[in-house]
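Enquirer: Build me a structure from this.
(one chain, ligands or ions: 2)
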Amino acid sequence: MDGRDWKKFLFPYEQAVEELKVKFKTLRTELKSSEEYAPIEFVTGRVKKISSILEKAKRLNVPMDQLEKGIEDIAGIRIMCQFTEDIQRVAELIRERRDFKLVYEKDYITNKKESGYRSYHLIVEYPVQTSLGMKHVLAEIQIRTLAMNFWATIEHSLNYKYKESKLPEEVRKRLSKAAEAAYLLDLEMSSIREEIVESQKMFEDNSNHVSRVLNYIQQLYFYHRVREAAQFQLRFNEIWEKEELWLLEELSHELEAAIARAKNEAPK
Ligand SMILES: Nc1nc2c(ncn2[C@@H]2O[C@H](COP(=O)(O)OP(=O)(O)OP(=O)(O)O)[C@@H](O)[C@H]2O)c(=O)[nH]1
Ligand SMILES: Nc1ncnc2c1ncn2[C@@H]1O[C@H](COP(=O)(O)OP(=O)(O)OP(=O)(O)O)[C@@H](O)[C@H]1O
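Expert: Residues are numbered from 1 along each chain as shown. Ligands and ions are numbered 1, 2, ... in the order given. This is a model prediction of the structure:
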């Protein structure tokens with residue numbers, strides 16, 4: 001292939017990468033506005049360099065007329081997430097999409113690579129509208145946490161630096177240790193996230209109980225149970241001052257019973 005042939009060959013891949021980047025960035029914005037929290041932190045993409053395509057074709061024994069099928073990452077998208085849990089959420093969103101077809105998935109998170117590499121990969125077939133008609137190209141979508149990305153970026157550049165001479169054993173061992181540290185960092189972050197979600201839920205439960213109790217007290221006043229309502233109000237104030245909000249659930253049950261009694265005894 002000469003320069004012009006390569007340009008023609010790579011054009012649909014360039015279009016696919018540009019379109020996919022826009023789509024995932026838009027998805028992030030959309031999720032952020034609807035759910036306050038987006039499982040996507042940022043998105044990057046690239047078209048593989050000609051030298052890298054040739055190198056890989058040689059390494060994998062892919063003939064030049066089979067590049068489209070034989071090399072799956074000529075178009076590459078990378079999606080970075082804050083937490084490990086976000087990765088499956090993003091993968092699920094990709095599986096549900098109808099604007100491209102999922103070909104297969106590679107889970108290097110459950111089964112990390114020998115190097116220590118962790119990431120979730122999806123190979124998709126993306127339709128590109130060109131001036132010559134529709135063309136379907138393969139694209140690789142890598143989903144990873146910020147910690148996984150940090151490790152992979154450094155490991156990639158070290159491998160690139162050493163290239164032919166291969167990584168010295170000492171460096172390889174250290175990279176393996178660093179991979180373990182990145183894994184532990186992801187674990188720690190996940191447990192912090194769980195704690196935050198838990199405390200947010202507790203806060204929501206408590207504020208629901210507060211508004212329910214205050215509403216019930218109002219209802220008692222409505223049924224002219226002034227003294228009873230004032231007693232409940234005092235108990236509520238005490239719970240509030242002592243910050244013993246877990247007692248509100250019990251108080252709200254007692255109030256429900258008091259309202260039921262008041263309803264029964266109210267003149268018809
Ligand atoms: N930094 C880093 N990236 C990796 C590693 N293994 C895989 N990757 C990335 O994941 C892509 C796909 O790798 P694989 O799933 O192993 O498939 P492959 O296309 O046959 O890739 P090769 O590993 O190059 O044979 C690669 O092109 C890299 O971008 C690794 O050990 N370190
Ligand atoms: N799916 C992807 N999305 C975004 N960037 C990628 C993707 N895959 C690789 N890259 C980045 O593109 C640059 C060039 O990588 P290149 O394609 O030459 O090698 P590779 O994909 O890491 O390895 P291989 O040739 O073995 O597949 C690197 O910075 C790499 O991190």
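Enquirer: And the helix or strand encompassing residue 25, what does it pack against?
Expert: Secondary-structure assignment from DSSP states H and E places residue 25 in helix 3-35. Under the contact definition 3 or more Cβ pairs under 8 Å, 6 or more residues apart in numbering; DSSP states H and E, helix 3-35 sits against strand 42-47, strand 75-81, strand 120-130, strand 133-145. All C-beta atoms are positioned from the backbone trio N, CA, C, and that covers glycine.
Enquirer: Point out where the stretch 101-250 of the chain drops to low pLDDT.
Expert: Counting by pLDDT under 70, the stretch 101-250 of the chain contains low-confidence residues at 164.
Enquirer: how about the residues of it near ligand 1?
Expert: 106, 113, 115, 117, 121, 152, 155-156 (Cβ under 6 Å from any ligand atom).
Enquirer: From those residues, which land in helices?
Expert: 152, 155-156 (DSSP state H).
Enquirer: quick one: the helix holding residue 25 near ligand 2?
Expert: No. Judged by Cβ under 6 Å from any ligand atom, helix 3-35 makes no contact with ligand 2; its nearest approach is 8.3 Å.
Enquirer: what does stretch 140-155 give?
Expert: Yes. Applying Cβ under 6 Å from any ligand atom, one finds stretch 140-155 touching ligand 2 at 140, 142.
Enquirer: buried stuff in that stretch?
Expert: 140-149, 151-152, 155 (16 or more other Cβ atoms under 10 Å).
Enquirer: Then stretch 229-249?
Expert: So stretch 229-249, judged by 16+ other Cβ under 10 Å, has buried residues 229, 232, 235-236, 239, 245, 248.
Enquirer: Looking at the residues you listed, which are in strands?
Expert: Here DSSP state E is the test, and the buried residues of stretch 229-249 give no hits in strands at all.
Enquirer: per-residue confidence for the residue nearest the centre of the chain?
Expert: Closest to where the C-alpha atoms of the chain average out (Cα atoms, centre = their mean) is residue 86, at 2.4 Å. As predicted, residue 86 sits at a pLDDT of 95.
Enquirer: now for the longest helix that the chain contains, which elements pack on it?
Expert: Longest helix of the chain, by residue count under DSSP H: helix 169-222. Contacts defined by 3+ Cβ pairs under 8 Å, 6+ apart place helix 169-222 against helix 84-95, helix 146-162, helix 226-241, helix 248-265.
Enquirer: report the angle between the axes of the shortest one and helix 3-35?
Expert: Same thing as helix 84-95. Counting by axes from the mean of the first three to the mean of the last three Cα atoms, to 10 degrees, helix 84-95 points 110 degrees away from the direction of helix 3-35.
Enquirer: Just confirm yes or no for helix 84-95 near ligand 2.
Expert: No. Figure legend: helix 84-95 not in contact with ligand 2 (Cβ under 6 Å from any ligand atom); closest approach 13.1 Å.
Enquirer: Pick the most buried one from the helices and strands packed on helix 3-35.
Expert: strand 75-81 (a mean of 24; mean count of other Cβ atoms under 10 Å).
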